[in-house]
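Undergrad: Starting from these lines, generate the structure:
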Amino acid sequence: MTRGRLGPAISVGAAIGLAIALYLLYTRVTGGIPACGGSSGCETVALSEYATFLGLPVALYGTGYSALVLGLAVGWWRSGDRRALLAAYGLGFAGLLAVGYLTYLEIFVIEAICLWCVAYAASVVATFGLAAAAVIRTSEPRTIGQR
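TA: Okay, the predicted model is just below:
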């Protein structure tokens with residue numbers, strides 16, 4: 001029953017990440033600043049040189065990443081195609097590296113924390129953790145001598 005529990009959970013995690021990334025992309029494209037309560041961290045991060053990569057907003061990459069993980073998660077959940085799960089897991093690992101680097105930049109280079117970025121990173125970490133759990137739970141046990 002792994003797909004029945006973890007499939008929706010992975011999908012929800014990716015959908016939350018997609019919603020956050022879309023909001024950040026919208027504010028970037030419209031020239032706005034993400035609402036961040038009383039903190040100025042979102043503005044500082046959004047206006048930093050690190051808010052774009054190869055001339056495109058970082059939020060665009062996050063949007064594409066989250067949409068792809070969501071599609072793979074729903075594909076695995078609905079069809080049971082293990083390749084979709086493994087692709088979501090592999091992509092999730094790449095996402096971990098990306099948000100790890102971006103969080104490093106926020107803390108040590110930009111010296112400001114964007115709450116939206118933290119929430120997005122949390123969705124990536126949670127989604128990866130759930131995908132890892134699904135991969136482990138759907139692995140067939142191997143016996144000695146089996147390849």
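Undergrad: those strands in the protein, which residues are they?
TA: Using DSSP state E, the strands of the chain run over residues 52-53, 56-57.
Undergrad: what is the mean pLDDT for the last one?
TA: Put plainly, it is strand 56-57. Per-region confidence: strand 56-57 scores 94 on mean pLDDT.
Undergrad: Please name the strands paired to that strand in the sheet, noting orientation.
TA: If you go by DSSP bridges, strand 56-57 pairs up with strand 52-53 (antiparallel).
Undergrad: Give me the phi and psi for the spatially closest residue to I110 that is not a sequence neighbour.
TA: For I110, ignoring the flanking residues on the chain, the nearest one in space by Cβ to Cβ, 6 or more residues apart in numbering is S48 at 4.9 Å. Where C-beta positions appear, they are placed from N, C-alpha and C, glycine not excepted. When read as degrees, to the nearest 10, the backbone of S48 gives phi -80, psi 160.
Undergrad: Distance check, S48 against Y65.
TA: For S48, the distance to Y65 equals 20 Å [Cβ to Cβ, to the nearest Å].
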